[in-house]
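S.K.: Show me how the following folds:
(chains A, B, C and D)
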There are 2 protein chains.
Amino acid sequence: MGLDRAMYSADKSRARQSEAIGRLGHRDEASGSPCQACPVRLRSICSGLEFDELEELEKIVARMTVGAGSPIFDEGETARCRYNVTSGSIKIYKLLGDGRRQIIGFLFPGDFLGLALADEYAYGAEAVVDSELCRFPRRELDDLINRFPTLENRLLNATSNELAVAQEQMVLLGRKTAKEKVATMLLLFSRRAAERGMADNPVYLPMTRTDIGDYLGLTTETVSRTFTQLRAQRIISAGSGGRIWLEDLEILGTLMEGF
Amino acid sequence: MGLDRAMYSADKSRARQSEAIGRLGHRDEASGSPCQACPVRLRSICSGLEFDELEELEKIVARMTVGAGSPIFDEGETARCRYNVTSGSIKIYKLLGDGRRQIIGFLFPGDFLGLALADEYAYGAEAVVDSELCRFPRRELDDLINRFPTLENRLLNATSNELAVAQEQMVLLGRKTAKEKVATMLLLFSRRAAERGMADNPVYLPMTRTDIGDYLGLTTETVSRTFTQLRAQRIISAGSGGRIWLEDLEILGTLMEGF
DNA sequence: CGGGAAGTTGAAGAGCGTCAAAAGTAGTGG
DNA sequence: CCACTACTTTTGACGCTCTTCAACTTCCCG
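M.R.: From the prediction side, this is the model:
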């Protein structure tokens, strides 16, 4: 699998799209707008906190913006910060020695980034599209987690959810065919969008075919061929701008559940 | 993939090995021996608890024994209990509609079983060999978790660890070759045994080739052929009773990391 | 011993990967 | 405005790894 490792370090064309955001990739802002008004607070770990607890969180948070294709941190790097995604989409991935990559998840607004005990990040993270995050210094956030049971409880819930999602993905990676993998991804992303009150049909897939392949354990070519096949069978149809119409939810469901 | 679903409901020959334990598969005991003396307490979620907290735990715990091949609970069943493994080994797995199975983990002494928010188990659990567990009624344990921050913290740690392990397994399932998969499993099981103070070489693999296949996303035959190949290359050699000597740790490490 | 399941091995085939090239898309610069 | 560039996506041809199907061997426990 002769993948070029450098391929993953930056995504030139997509990075280019986001020059408006800043040539450095990241841009921090003074945390002007308070957490009270945060549109994703209720589905993030920040929900359920008391007023004064939320104020303490605000003291240590920094908002930042990352352009499409920009890395947020690398696997193995010292874990200095934890994050909350507030807009856009983030991919997290692990690499093998020869450059093979497995994307272990796509994060969306409200998702927490940086769940881990270890001192080093166990995976890399990179923005799929222009995204915004809340950044917390790790030490200070961990202090708050220890002091606020509500926060620790939210974190446990979030981690348990992630674990259940990861276990589903293990079934997909280990036991599903290419067609079933793609169908499952389409349905799951549609449902996740619906849960967040976003359009679920057509479903929005902002990532590249290569990203989808690395997420599903397939090659770009197989992903492309599978989409073509699903289109030919009128199970899906192409929308505009990375959007895909789910034309036959029943067949997609059958493919996902493996009958 | 024409796997017979019934195949997974019981494992006749192994179940036979454990007739001494009881024909019902399960046997409960009065919780005579207290948690203080528990040999796996320090590596379980019960570590770090105050004396009175541990006493409250003891009030709701029941010890039970399961024979090899016996189910503990099924996927989709109402989650009435949570467990702590104290001896033996438990496999947890998910099924697809046509019977394809993915084993999402093997649990060993000290591991917690039943991490989940949902009212139903997200996976099935079955004993690989004769095993012992501590069983907690779900409601009552969850009450204690809410009351004892230490317990919740331990649970968060355990869940985070499980998540990190699951993410490693996603790389294995999505991106590694059969040889790399088997090498990775051998090394990881050896390391896990070492962490628990058990023999790490030869490494003990009590599960069947079919179980290993369903864990690695391979067929029984491919697992068998891969072991033969590794043996022929003197990277491993056969021990007795499901034990395997790791003859070349360096090559195994290289295979695991994918160079 | 003897029966049944687990494990091994072989041959053939399918699905997905690899390599290669063409077509589509978006940003760049004259 | 359009050609140029760089990348992504699609499609085709071919090959290889792993699966499938089948037979045989080994192991375990009665």
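
S.K.: Would you map the helices across the stretch 101-250 of chain A?
M.R.: For the stretch 101-250 of chain A, applying DSSP state H, counting those that start in this stretch gives helices covering A:138-147, A:149-175, A:178-195, A:209-216, A:220-232, A:249-257.

S.K.: and stretch A:230-247, how far from the chain's centre?
M.R.: Per C-alpha atoms, centre = their mean, to the nearest Å, the displacement of stretch A:230-247 from the mean C-alpha position of its chain is 22 Å.

S.K.: Tell me which of the helices of the stretch 101-250 of chain A sits nearest to A:K91.
M.R.: Closest to A:K91 of the helices of the stretch 101-250 of chain A is helix A:209-216 (C-beta to C-beta; 6.2 Å). Any C-beta I mention is one placed from the backbone N, CA and C, and that applies to glycine too.

S.K.: Mind giving me the packing neighbours of that closest one?
M.R.: The contact analysis (3 or more C-beta pairs under 8 Å, 6 or more residues apart in numbering or on different chains; DSSP states H and E) places helix A:209-216 against strand A:90-95, strand A:101-107, helix A:178-195, helix A:220-232.

S.K.: any chance of the ones you listed in TSV, with mean neighbour count and distance to B:C46 too?
M.R.: Compiled in TSV, the helices and strands packed on helix A:209-216 are given as follows (neighbours: other C-beta atoms under 10 Å in any protein chain shown; distance: least, C-beta to C-beta, whole Å):
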stretch	mean neighbour count	distance to B:C46
strand A:90-95	22	32
strand A:101-107	23	30
helix A:178-195	19	35
helix A:220-232	16	46
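
S.K.: returning to what we had before: can you redo the helices of the stretch 101-250 of chain A as CSV with distance to DNA strand D and mean pLDDT?
M.R.: Converted to CSV, those look like this (distance: least, C-beta to the nearest atom of the strand, whole Å; pLDDT from 0 to 100):
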stretch, distance to DNA strand D, mean pLDDT
helix A:138-147, 31, 95
helix A:149-175, 9, 97
helix A:178-195, 11, 98
helix A:209-216, 3, 98
helix A:220-232, 3, 98
helix A:249-257, 16, 98
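
S.K.: Switch these over to TSV; also include distance to B:A166.
M.R.: Converted to TSV, the helices of the stretch 101-250 of chain A look like this (distance: least, C-beta to C-beta, whole Å):
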stretch	distance to B:A166
helix A:138-147	22
helix A:149-175	4
helix A:178-195	16
helix A:209-216	15
helix A:220-232	23
helix A:249-257	20
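
S.K.: For A:R41, which of these is the nearest?
M.R.: helix A:149-175 (11.0 Å).

S.K.: The closest one and DNA strand C in contact?
M.R.: No - Helix A:149-175 is not in contact with DNA strand C by C-beta under 7 Å from any atom of the strand; minimum separation 10.5 Å.

S.K.: Can you list the buried residues in that helix?
M.R.: A:151-175 (16 or more other C-beta atoms under 10 Å in any protein chain shown).

S.K.: Spatially nearest residue to A:S87 (excluding sequence neighbours)?
M.R.: Leaving out its chain neighbours, the residue that sits closest to A:S87 by C-beta to C-beta, 6 or more residues apart in numbering or on different chains is A:E132, at 4.4 Å.

S.K.: Next: A:I45.
M.R.: Closest to A:I45 by C-beta to C-beta, 6+ apart is A:R154, at 4.1 Å.

S.K.: got the contact list for the one you found?
M.R.: By C-beta atoms under 8 Å, 6 or more residues apart in numbering or on different chains, A:R154 lies in contact with A:45-48.

S.K.: Relative to A:Y83, which of those residues is nearest.
M.R.: Each of the contacts of A:R154 was checked against A:Y83 using C-beta to C-beta; the closest is A:I45, at 10.9 Å.

S.K.: got the contact list for the closest one?
M.R.: A:I45 touches A:84, A:112, A:151, A:154-155, A:158, counting by C-beta under 8 Å, 6+ apart.

S.K.: Then A:Q169?
M.R.: Going by C-beta under 8 Å, 6+ apart, A:Q169 touches A:104-105, B:170.

S.K.: run the last query once more with 10 Å
M.R.: A:102-105, A:181, A:184-185, A:188, A:215-217, B:104, B:166-167, B:169-170, B:173-174 (C-beta atoms under 10 Å, 6 or more residues apart in numbering or on different chains).

S.K.: Please identify which of the contacts of A:R154 is nearest to DNA strand D.
M.R.: Lowest distance from DNA strand D to the contacts of A:R154 (C-beta to the nearest atom of the strand) belongs to A:I45, with 31.9 Å.

S.K.: Where does the closest one sit, in terms of helix or strand?
M.R.: Per DSSP states H and E, A:I45 falls between elements, in no helix or strand.

S.K.: Roughly how far does it sit from B:A183?
M.R.: Per C-beta to C-beta, to the nearest Å, A:I45 is found 38 Å from B:A183.

S.K.: likewise A:G253?
M.R.: Distance from A:G253 to B:A183, by C-beta to C-beta: 37 Å.

S.K.: And A:L151, by the same measure?
M.R.: With distances taken as C-beta to C-beta, A:L151 is found 40 Å from B:A183.

S.K.: got the phi/psi numbers for A:L205?
M.R.: Here is the backbone geometry of A:L205 (degrees, to the nearest 10): phi -120, psi 90.

S.K.: how deep is it tucked in, by neighbour count?
M.R.: 22 (other C-beta atoms under 10 Å in any protein chain shown).

S.K.: so what's the nearest residue to it once chain neighbours are set aside up against?
M.R.: The shortest distance from A:L205 to any residue that is not its chain neighbour, by C-beta to C-beta, 6+ apart, is 5.3 Å, and that residue is A:G242. By C-beta under 10 Å, 6+ apart, A:G242 lies in contact with A:129, A:202-208.
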